[in-house]
Every structure is written in structure tokens, then in C-alpha cells.
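Peer 1: Got a sequence here, can you build the structure:
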Amino acid sequence: MFYDIFTVFWRDWIVLKRRLVKFLLSRMVAPMLYLVAFGWGLGRSIPVTGTGSYLDFLVPGILALNSMNISFNSVGPPLHTARIYQKSLEEYLVAPIKPLAFIIGKIAAGTLRGMLSSIIIVALAYAFGATLHINIVFIGVLMLNCIIFSAFGFLVAMLTHSYEDMGSFNTYLLLPMSFLCGTFFSLDKLPIVFKLIIEVLPLTHTSALLRAIGTGNDFSVVSILFLVFFMIILLLTCILMMKKVCK
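Peer 2: Residues are numbered from 1 along each chain as shown. Next comes the predicted model:
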């Protein structure tokens, strides 16, 4: 089982290694724009209580947002293309690789990309003067977020049948979460109905956890349990979808 997982993961790692410099440089662009525009520009005029400067408030949100996007897009679109257009998914299906190993290998590869891009953001944040306390819980929450959205990308790739369908998931799910899940502003002043809906989304809990841990404040164990529960549900759903495809 471990060898099968490693085989799937190693294939994606070889592809990433050949493009590693381009991957790392491209992942610096959006965070730098956020840090300059919101952290240095708009952020200087925004008072924030309890978390230091607005830059300190912003960086955990950017980490949550970036790890979501990178993890999802590292698994979803490539796997969708392999399944629908290249038909290379069949090569895995006929190979002596267990479906569960294929799922875990792909999710692990997406998680690796999400974590690598997060390291870049942390380095940029320190360069911009942010104060961020990183410990094992912080890293664990960030990894949970990468696993969740890598699994979500896998699930979407199994469900969609065209590029338009894949784009719809980005437009109607990822894009609203990017701006509404506490990444750029506090949810305290939102209407209660919107707040209740947003608090069901995993990125909201990731942003809140990273912000609390990163600023040295108390964090919610319930939010961590929610992320673990969300991860398990997504993994089980991925297994069911993979079994359906294998029939």
C-alpha cells in the first residue's frame, strides 16, 4: 500500500521538481501583491485590535487563502484533464495500484505544493515586517487545510465533465470563500445570517485558527475538530467516487 502511494506521489514530484523554480516564482506574485496593496497600502489606515497591525491580521488569511487555491488547483484541473481529455487515468486504473493509494498519493502531492507555497508566503511576510508565531499546531492546521482542498480538488475532478464545470466550482465556491471567510476582514460585523453560513465553510476555521495561533492568542479546539471532520468526510467521498469510476 505504501509503495503504491509513493509511486503516485513520486510521479507528481518528478513533474514538480522539473518546474520547481517556475512554480516557486509564480507563487510569489499574488502574495506580494496582497502584502503591498493591503498590508502596506490600505493596511496602514486600518486599525486592528488584538492582533497588532493589519499586516499581522492579513498574513494568516493570505496563508489560508493561498494554501486553499494551490492545493485545489494542483489536484483538480490536472486530474480532470487526465480523466476527460488525455484519458491517462485509465493507465492508473489498469495498473496494480489500489484506488485508495491513488487517492492518497494525489492528495499528498497537492498538499506538498500547498505547503511549499505557504513557506514562500511566510518568508515574504517576515520580509515585509509581519510578526508571526509558528508552532507545530500552526503547521498542523495549515496542512489540514491543504489536505481538505486537495481532496476537494480530487472530488471535483471526478464529478466534472468539462472545463466549464471545473470553472463553475471555482466561481461559485472558491472565489466567494477567498473573500468572505475572514481572510481580509473580521466577520464580527456581518449580518448574522451570512455569518452563520460562512462559519460552516472550512476556510473560515482555518483563517481563524491561523490568526489566533499566529498572534499568540487562544485558539478553538472545536475548529480543529471541525477541520478533521471535514477532511474525513471528503476522503470517504473521494473513495466512493473512485470506486464508482473503477466499475
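Peer 1: contacting residues around whichever helix or strand L210 is part of?
Peer 2: Using DSSP states H and E, L210 sits in helix 202-214. Under the contact criterion Cβ atoms under 8 Å, 6 or more residues apart in numbering, helix 202-214 has outside partners 51, 56-57, 59-61, 63-65, 67-68, 132-135, 137-138, 141-142, 144-145, 148-149, 177-178, 181-183, 187, 198-199, 218-220, 223-224, 226-227, 230. (Glycine included, C-beta is placed from N, CA and C.)
Peer 1: for stretch 117-137, same thing?
Peer 2: Outside stretch 117-137, the residues touching it (Cβ under 8 Å, 6+ apart) are 24, 27-28, 31-32, 35, 39-40, 52-53, 55-56, 58-60, 62-63, 66-67, 70, 142, 146, 213-216, 219.
Peer 1: Ramachandran angles for S186?
Peer 2: The phi and psi values for S186, taken as degrees, to the nearest 10, are phi -70, psi 150.
Peer 1: mind checking how far it is from N217?
Peer 2: 13 Å (Cβ to Cβ, to the nearest Å).
Peer 1: Please apply the same query to Q86.
Peer 2: Q86 is 47 Å from N217, by Cβ to Cβ.
Peer 1: With P77 instead?
Peer 2: 36 Å.
Peer 1: Who has more neighbours out of these two?
Peer 2: P77 (18 against 11; other Cβ atoms under 10 Å).
Peer 1: Which residues are in contact with the nearest residue to that one once chain neighbours are set aside?
Peer 2: The shortest distance from P77 to any non-neighbouring residue, by Cβ to Cβ, 6 or more residues apart in numbering, is to M166 (6.1 Å). Residues near M166 by Cβ under 8 Å, 6+ apart: 76-77, 80, 156-157, 160.
Peer 1: which secondary structure element contains M166?
Peer 2: Going by DSSP H and E, M166 is part of helix 163-169.
Peer 1: After that helix, which helix or strand is next?
Peer 2: Downstream of helix 163-169 (by DSSP H and E), the next one is helix 175-180.
Peer 1: Need the CA coordinates for the helix or strand that that next one is followed by. CSV is fine.
Peer 2: Per DSSP H and E, the first helix or strand lying C-terminal to helix 175-180 is helix 192-198. Output of helix 192-198 as CSV, limited to C-alpha atoms (Å, rounded to 0.1, in the frame of the first residue of the first chain):
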residue,chain,number,x,y,z
ILE,A,192,-26.0,37.1,11.5
VAL,A,193,-27.4,35.0,8.6
PHE,A,194,-24.3,35.5,6.4
LYS,A,195,-22.1,34.8,9.4
LEU,A,196,-23.8,31.5,10.1
ILE,A,197,-23.4,30.4,6.5
ILE,A,198,-19.8,31.4,6.3
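Peer 1: what is the mean pLDDT for helix 192-198?
Peer 2: The average pLDDT within helix 192-198 is 87.
Peer 1: Ok, stretch 234-247 next?
Peer 2: On average, stretch 234-247 scores 85.
Peer 1: and if you look at stretch 21-31?
Peer 2: The model assigns stretch 21-31 a mean pLDDT of 79.
Peer 1: rewinding a little: which one of the contacts of M166 has the most neighbours?
Peer 2: G76 (27 neighbours).
Peer 1: Thanks a lot, see you next time.
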